[in-house]
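1. Return atomic coordinates for the entry below.
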Amino acid sequence: MPTNNAPLAGIRVADFTWVWAGPYCTMQLAHMGADVIRVESATRLCVSRVTPPWFGGQFGVNRSGYFNQYNLGKRSITLNLKHPRAREAALRIALKCDVVINNFAAGVMDRLGLGYRDLVRLRPDIIGVSLSGYGDTGPLRSYVAYGPAQVPLSGMSALTGYRGWPPMHVGFSYGDPNAGSHAAFAIIAALYHRERTGEGQYIDMSQWECTMALIGEGILDYTMNGHQPERDGSRDPLMAPHGLFRCRDMAEPIAGRPVDMWTAIAVADDAGFARLAAAIGRPELATDGRFATLAARKRNEDELEAIITEWTSTRFAAEAAETLQRAGVAAAVCATGRDLSEDPHLNQRGFFVTPEHAEIGRAKQAGIPWRMSGTPCSVRSAAPTLGQHTDEVLREIAGYSDAEIAAMRAADALK
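-> Have a look, this model is predicted:
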């Protein structure tokens, strides 16, 4: 299954993850050519298989946009891990893999006989990964974790929101894909170490800590100065103007409803502000004492934003962004799903993919956000249907005969 010249061709991954953080990690490995075997169970469906939106608006365990987006390029096998024969099969598969990853709470894999200590005794060069919510050690190791709770716990919500408002969520479960990216990076480092030394190792990752690593300046402001940064909307402590500015509604309603549109603008210095002032037809603002310097613009930020909004509000977002970009000002549309799907730049670069899915056919999905000239990566297949490759994996990797597979199925071990 691996692409011959992809960076991770020949690497096999036993994927015992679910929801988002773990599957997002293993999808990156699949993009790079690894053979990722997603271990699932119909007796305990992955949350992402029953999460909308649904392709064609029709519910089905193989039709979730969520699951299908984040499991591209993998194979799926169903094992009822409550059954001893299924646990035996899982162990046989794991030992034929280079990497075994889970994002369950600490201790779950050990109780199944699939923990790193069980595996390393039988295969010393194996790489084990635990991507739990809080890590394998510490007083919170057994706590349940989901992204909507982890974002506030990380300190990110305390930095997000408007002045005088309560803390805000960041719009989605940021901790999940962020932790997945960190885990993929650590796995590649462990594989490189093994290539040099022949040694496997265990990677203990905390989704909580992965998110905290992104907001060092917020944490440092307290640890160094005893100060908690204030929430201030989309403004920046140093740059002005900086934020989202209201534009005309989208030209065509979506589902019969008008869609409000915004343009993001960021100006880092006085020269940039002079370019913005000229672009909006107000060159005199660059020498106006209220706005001529960064300090002055910060003091008069409300008034400055009102002036810019007066200009953006009469224009479509794309028009405003393009006008400012031509003047050398950092500006961009606050894009909707439609904007992204139809964007000529993204489509010309081939970011979107339409792999053939066994049940839903072809649908546009986000692809790989990098290009490698020497070892090209690709989305090799759509996400698998539930248990699509069970027999194939049991035969090819675990070494079971057709008769043994049939017996396991009859004993309800393959559910």
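2. Give me the contacts around stretch 259-273.
-> Residues outside stretch 259-273 that contact it (Cβ atoms under 8 Å, 6 or more residues apart in numbering) are 234, 236, 239-250, 253, 276, 285-286, 291-294, 297, 308, 312, 316-317, 320-321, 324, 328-334, 336. Quick note: C-beta positions are derived from backbone N, CA and C, even for glycine.
3. filter those to the buried ones?
-> With burial judged by 16 or more other Cβ atoms under 10 Å, the buried subset of the contacts of stretch 259-273 is 239-245, 247-248, 250, 276, 285-286, 291-292, 294, 297, 308, 312, 316-317, 320-321, 324, 329-334.
4. Strands - which of the residues you listed land there?
-> Among the buried ones among the contacts of stretch 259-273, the residues falling in strands (DSSP state E) are 242, 243, 244, 245, 330, 331, 332, 333.
5. The last one pairs with what?
-> Pointing back at residue 333 there. residue 263 (DSSP bridges).
6. And for the first one?
-> Residues found in beta-bridge contact with residue 242 (criterion: DSSP bridges) are residue 266.
7. ok, it - contacts?
-> Contacts of residue 242 by Cβ under 8 Å, 6+ apart are 234, 235, 236, 265, 266, 267.
8. and with 6 Å instead?
-> 235, 236, 266 (Cβ atoms under 6 Å, 6 or more residues apart in numbering).
9. Residue 202 is in what secondary structure piece?
-> Assigned by DSSP states H and E, residue 202 belongs to strand 201-206.
10. CA-only coordinates of that strand in CSV, if you can.
-> The C-alpha coordinates for strand 201-206 follow below in CSV (Å, rounded to 0.1, in the frame of the first residue of the first chain):
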residue,chain,number,x,y,z
GLN,A,201,11.4,4.2,22.2
TYR,A,202,8.3,5.3,23.9
ILE,A,203,6.7,8.8,23.3
ASP,A,204,4.6,10.1,26.2
MET,A,205,2.7,13.2,24.8
SER,A,206,0.2,15.4,26.6
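11. Please tell me how far stretch 159-175 is from the chain's geometric centre.
-> 18 Å (Cα atoms, centre = their mean, to the nearest Å).
12. Show the end-to-end separation of it, please.
-> 15 Å (Cα to Cα, to the nearest Å).
13. Would you mark the buried spots in that stretch?
-> 159, 160, 161, 168, 170, 173, 174, 175.
14. would TSV of the residues you listed with distance to residue 191, secondary structure and pLDDT be doable?
-> Below are the buried residues of stretch 159-175 laid out as TSV (distance: Cβ to Cβ, whole Å; DSSP: H, G, I helix; E, B strand; the rest coil; pLDDT from 0 to 100):
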residue	distance to residue 191	secondary structure	pLDDT
159	35	helix	92
160	35	coil	92
161	40	coil	93
168	39	coil	92
170	32	coil	88
173	27	coil	89
174	27	coil	89
175	24	helix	90
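15. Residue 407: which of those is nearest?
-> residue 173 (40.9 Å; Cβ to Cβ).
16. Number of residues surrounding the nearest residue to the closest one once chain neighbours are set aside?
-> For residue 173, ignoring the flanking residues on the chain, the nearest one in space by Cβ to Cβ, 6 or more residues apart in numbering is residue 147 at 2.3 Å. Residue 147: 22 surrounding residues under other Cβ atoms under 10 Å.
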